[in-house]
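Q: predicted structure and sequence below. I'll ask about it afterward.
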Amino acid sequence: MFARGSSRFRAFTLVEAMVVVILMSIIAVTVLPALGNLDEARRGAAVDEVARVLTHARSLAMASGRPSGVSFELGAETIRVMTIETTGGAPTPAADALGQPEPAVALPDLYAGVELVGITHGDGSTASGVVWFGFDGVPRLRDAGGALVGPFTQDAVVELTGSRTVSIRMGTGLVE
């Protein structure tokens, strides 16, 4: 027994310290795989978002009878639905339900750790640009001013982080 004024304090025993280390190890082993699953879920959600936006643009083209597409800006890593309102008109951002121009969506802002790595268009080019759909939902090549150039000569592919891709089929416009 120690006197009341004694300066000795009770410390952790070696067994108690080892129990704490073992418990921390078990927690670390169970949490780290869950963090990996979170990154994988973000990549999957980003792929779903790109496919959703492409499908929306295709549906808009078929419903309105006007060319609609998705603009991919590689440097800014943004996507945006575009349309051509009048024959011979310039491409403009599509209107949302309230009639306002739809904003560009920055994928890294929505899905942390996900990047828009690249795009291969229907003519094989790999620069920023728009994937256009015609009134029948089939993808078409257009120049920067919106003028019709011709049909796709190959499938278009959008590539995201982790080798995740979204394809647009040249003959049908199917987004997968």
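A: Perfect, thanks for sending it.

Q: just give me how far stretch 115-129 sits from the chain centre.
A: 14 Å (Cα atoms, centre = their mean, to the nearest Å).

Q: now stretch 103-114
A: The answer for stretch 103-114 is 7 Å, by Cα atoms, centre = their mean.

Q: span of it from start to end?
A: 19 Å (Cα to Cα, to the nearest Å).

Q: ok, now stretch 145-155?
A: Start-to-end, stretch 145-155 (Cα to Cα) is 22 Å.

Q: and what of stretch 69-82?
A: 5 Å.

Q: and the contacts of it?
A: Stretch 69-82 is contacted from outside by 50, 53-54, 56-57, 60-61, 68, 83, 91-94, 102-108, 115-116, 118-119, 127-133, 142, 158, using Cβ atoms under 8 Å, 6 or more residues apart in numbering. Where you see a C-beta, it was placed from the backbone N, CA and C, and this is true even at glycine.

Q: which ones among those residues are found in strands?
A: 68, 83, 92-93, 105-106, 116, 118-119, 129-133, 142, 158 (DSSP state E).

Q: picking that back up, of the contacts of stretch 69-82, buried ones?
A: Among the contacts of stretch 69-82, the ones that count as buried by 16 or more other Cβ atoms under 10 Å are 50, 53-54, 56-57, 60-61, 68, 83, 91, 94, 102, 105, 107, 115-116, 119, 128-133, 142, 158.

Q: just want the most central residue of the protein.
A: residue 46 (3.2 Å; Cα atoms, centre = their mean).

Q: quick one: contacts for residue 56?
A: Here residue 56 is in contact with residue 81 (Cβ under 8 Å, 6+ apart).

Q: that one and residue 70, how far apart?
A: 8 Å (Cβ to Cβ, to the nearest Å).

Q: could I get the average pLDDT for stretch 131-148?
A: For stretch 131-148, mean pLDDT rounds to 95.

Q: mind listing what's buried in it?
A: 131-134, 137-142, 146.

Q: name the nearest of those relative to residue 16.
A: residue 131 (62.2 Å; Cβ to Cβ).
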